[in-house]
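Visitor: generate coordinates for the sequence data below:
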Amino acid sequence: MKRKIYSDPEEVRKELQAIADELNLPINDEKVGFTWVGDGKSLAPGLTEEVLVPLYFSKNQKKSSSCKSLS
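Guide: Predicted coordinates for the structure are as follows:
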């Protein structure tokens, strides 16, 4: 299976929101990010800082009680 490398930030946000909706969690819950990344998806250079960092590596990020945090 060929790995898709995402270059459109809106496409990534839409996929993250769909996962959040499916899991009944806010988009900034770390379980949403873990699920998306765990599906083997990759981002073009720069998109990690644009999309993932604000959602999952900021003070406003929601820690999931079902996921262990490294912090």
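Visitor: counting neighbours, which bits of the lengthiest helix in the chain end up buried?
Guide: Scanning the chain for the helix with the most residues, using DSSP state H, yields helix 9-23. Residues of helix 9-23 classed as buried by neighbour count (16 or more other C-beta atoms under 10 Å): 12, 15-16, 19-20. (Each C-beta comes from the backbone N, C-alpha and C, glycine too.)
Visitor: assign the most centrally placed residue in the chain to helix, strand or coil.
Guide: Against the mean C-alpha coordinate of the chain, by C-alpha atoms, centre = their mean, the closest residue is Gly33 at 2.8 Å. Using DSSP: H, G, I helix; E, B strand; the rest coil, the three-state assignment for Gly33 comes out as helix.
Visitor: list the residues that contact it.
Guide: Neighbouring residues of Gly33 by C-beta atoms under 8 Å, 6 or more residues apart in numbering: 16, 52, 55-56.
Visitor: same check, this time on Val51
Guide: Going by C-beta under 8 Å, 6+ apart, Val51 touches 9, 12-13, 16, 43.
Visitor: same check on Ile5?
Guide: The contact partners of Ile5, taken as C-beta under 8 Å, 6+ apart, are 42-44.
Visitor: and the host helix or strand of Pro54, what does it pack onto?
Guide: Element membership of Pro54, judged by DSSP states H and E, is helix 53-56. With contacts defined as 3 or more C-beta pairs under 8 Å, 6 or more residues apart in numbering; DSSP states H and E, helix 53-56 has these neighbours: helix 30-38.
Visitor: quick check: next helix or strand after the helix it packs on?
Guide: Counting by DSSP H and E, the element after helix 30-38 in chain order, helix or strand, is strand 42-43.
Visitor: relative to the whole chain's centre, how far out is that next one?
Guide: In terms of C-alpha atoms, centre = their mean, to the nearest Å, the centre of strand 42-43 is set 10 Å apart from its chain centre.
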